[in-house]
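S.K.: Predicted model and sequence below, questions to follow.
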Amino acid sequence: MKKTLALAVFTGVFAAVYLASFLNSWTWFRYYPLTGQFTMADLPRTAGPAMGWYAWIAQGVLAAAVATLLVLMLPRRWTDRAWAGLGGFLALLVVMYTFYVEWHWFQG
Amino acid sequence: MITVLLIFHGLAAVLLLGAVTHQAIVVWRRKAMPPVTFLRRLVNVQGASYTNATIALYVLVMILGGVIYPSYVLDVKGSLTDARMLSAIGAFEIKEHLAVIGLALLPGYWYVWQRTAAEQLLARRLNTTLLSGIVWWSFLIGHILNNIKGLL
């Protein structure tokens, strides 16, 4: 059951931190496809468009890994009642929120 | 080179779509049926046997998608913006997010297919159907965007 909760937390935290990073433009680094550069600095406009997608994924994975480790350290009695579908349920909520926040593209 | 990668991305996505769709159909099967018709054969397979293939293909498609994504940003997104095709841009934005959410779901998806207990059935249905929906959205939007770019 501890593993069940840990996997659910991994899914939920990964998806939520990824989406929060996108919505708030939290990017540890950016990729500039025109120059082929990964950098933590803001480059001038001449460097072309910046991509945060790789950073959002990395941030999501890192946060999920930390959260999963924390869950694995919890006492077993706290994790006994986790449902195996919890991760899927959390992912479904993030999917629905994704459609909600991106819906403005279809309202023009 | 990007064209070759895009074709491999699309081919791997076709395989992934087939595997996860098959599994999503099987997971909703209520009882075993004799495989006498095409449709009954379709639902009469071992759903668990698709799990590892689905995960491997999903990761492969993500990696290939991640490699060719900068070309979309540089070559396609600008054209769509110029043509005021905002719904196409939005659909692709959703695709990029859903693909990552699907990636986050993979460990839990794998786990529920390793368990045979009856109480896992709802979890298996939820995870597999959600993953299947994500793959279908990503496949269709990627295909449509590719067609639009060919027309612009």
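M.R.: Perfect, I can see it now.
S.K.: Enumerate every residue touching the closest residue to B:G47 other than its chain neighbours.
M.R.: The shortest distance from B:G47 to any non-neighbouring residue, by CB to CB, 6 or more residues apart in numbering or on different chains, is to B:V26 (3.9 Å). From N, CA and C alone the C-beta is placed, and that goes for glycine too. Contact analysis of B:V26 by CB atoms under 8 Å, 6 or more residues apart in numbering or on different chains lists B:43, B:45-47, B:50.
S.K.: Give me the buried entries from the residues you listed.
M.R.: B:43, B:47, B:50 (16 or more other CB atoms under 10 Å in any protein chain shown).
S.K.: which of these lies closest to chain A?
M.R.: B:G47 (15.4 Å; CB to the nearest CB).
S.K.: list the contacts for the closest one?
M.R.: B:G47 neighbours (CB under 8 Å, 6+ apart): B:22-23, B:26-27, B:113, B:128.
S.K.: near chain A, which residues of chain B?
M.R.: With the criterion set to CB under 8 Å from any CB of the partner chain, chain B comes near chain A through B:66, B:69-71, B:73-74, B:77, B:86-87, B:89-91, B:93-94, B:96-98, B:100-105, B:107-109, B:111-112, B:115, B:119-120, B:122-124, B:126-127, B:130, B:133-134.
S.K.: hmm, stretch A:80-89 in reach of chain B?
M.R.: Yes - legend: contact between stretch A:80-89 and chain B by CB under 8 Å from any CB is shown at A:83-85, A:87-89.
S.K.: got those as JSON lines, with neighbour count, secondary structure and pLDDT columns?
M.R.: Output for those, formatted as JSON lines (neighbours: other CB atoms under 10 Å in any protein chain shown; DSSP: H, G, I helix; E, B strand; the rest coil; pLDDT from 0 to 100):
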{"residue": "A:W83", "neighbour count": "17", "secondary structure": "coil", "pLDDT": "84"}
{"residue": "A:A84", "neighbour count": "25", "secondary structure": "coil", "pLDDT": "82"}
{"residue": "A:G85", "neighbour count": "23", "secondary structure": "coil", "pLDDT": "87"}
{"residue": "A:G87", "neighbour count": "33", "secondary structure": "helix", "pLDDT": "91"}
{"residue": "A:G88", "neighbour count": "27", "secondary structure": "helix", "pLDDT": "93"}
{"residue": "A:F89", "neighbour count": "16", "secondary structure": "helix", "pLDDT": "94"}
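S.K.: For the residue of chain B found nearest chain A, which residues are in contact?
M.R.: Nearest residue of chain B to chain A, counting by CB to the nearest CB: B:G90, 2.2 Å away. B:G90 is in contact with A:102-106, counting by CB under 8 Å, 6+ apart.
S.K.: Show me which parts of the helix or strand where B:Y111 lies are buried, residue by residue.
M.R.: Using DSSP states H and E, B:Y111 sits within helix B:86-114. The neighbour-count check on helix B:86-114 (16+ other CB under 10 Å) flags B:88-109, B:111-113 as buried.
S.K.: how distant is it from the center of its chain?
M.R.: Chain-centre distance of helix B:86-114: 8 Å, with CA atoms, centre = their mean, to the nearest Å.
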